[in-house]
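Q: below: sequence and its predicted model.
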Amino acid sequence: MSDLIGAAAGKVWEYLNTNGASSVTKITTETGLNKNDIQRAIGWLSKEDKLSIELNGRTETLSLK
């Protein structure tokens with residue numbers, strides 16, 4: 001399971017590195033990952049202190065530190 005989460009985290013990191021700050025919804029749509037995998041990837045990247053998370057209303061925006 002940790003291999004799958006690590007792969008999802010890598011996909012999210014690559015997406016943010018290429019496209020800059022994006023909403024969780026946009027990342028989910030454009031990477032093809034499901035919502036559970038995205039949430040796990042966010043947790044992984046957060047634990048490694050690689051993400052900034054900003055909440056604007058109901059929209060979460062992710063960016064790399």
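A: Cool, got the structure.
Q: ok, so what distance separates Ala41 from Gly57?
A: Distance of Ala41 to Gly57, given as CB to CB, to the nearest Å: 23 Å. The way it works is simple: take the backbone N, C-alpha and C, and place the C-beta from them, glycine included.
Q: quick one: which of those two has more around it?
A: Between Ala41 and Gly57, counted using other CB atoms under 10 Å, Ala41 has the larger neighbour count: 26 against 5.
Q: may I have the secondary structure class of the more buried one?
A: Secondary structure, DSSP: H, G, I helix; E, B strand; the rest coil: Ala41 is helix.
Q: pLDDT score assigned to it?
A: pLDDT, Ala41: 97.
Q: over to Glu60?
A: pLDDT recorded at Glu60 is 92.
Q: in this structure it contacts Ser46, no?
A: No: if you go by CB atoms under 8 Å, Glu60 and Ser46 don't touch, sitting 11.7 Å apart.
Q: where do the contact lists of those two overlap?
A: Taking CB atoms under 8 Å, 6 or more residues apart in numbering as the contact rule, the neighbours common to Glu60 and Ser46 are Ile53.
Q: max-length helix in this structure?
A: helix 2-19 (DSSP state H).
Q: C-terminal to that one, what's the next element?
A: Once helix 2-19 ends, the next helix or strand along the chain (criterion: DSSP states H and E) is strand 22-23.
Q: for that next one, name the packing helices and strands.
A: For strand 22-23, the packing partners by 3 or more CB pairs under 8 Å, 6 or more residues apart in numbering; DSSP states H and E come out as strand 59-64.
Q: what helices and strands are in contact with the strand it packs on?
A: helix 2-19, strand 22-23, helix 24-31, strand 51-56.
Q: buried residues in the longest one?
A: Going back to what we said before, that points to helix 2-19. Buried residues in helix 2-19, counted by 16 or more other CB atoms under 10 Å: 5, 8-9, 11-13, 15-16.
Q: taking those, tell me the two that lie furthest apart.
A: Comparing every pair within these by CB to CB identifies Ile5 and Leu16 as the most remote, at 16.4 Å.
Q: which helix or which strand is home to the nearest residue to Gly6 once chain neighbours are set aside?
A: Distances taken as CB to CB, 6 or more residues apart in numbering place Trp44 nearest to Gly6, at 6.8 Å, with adjacent residues excluded. Of the helices and strands defined by DSSP H and E, Trp44 is found in helix 35-47.
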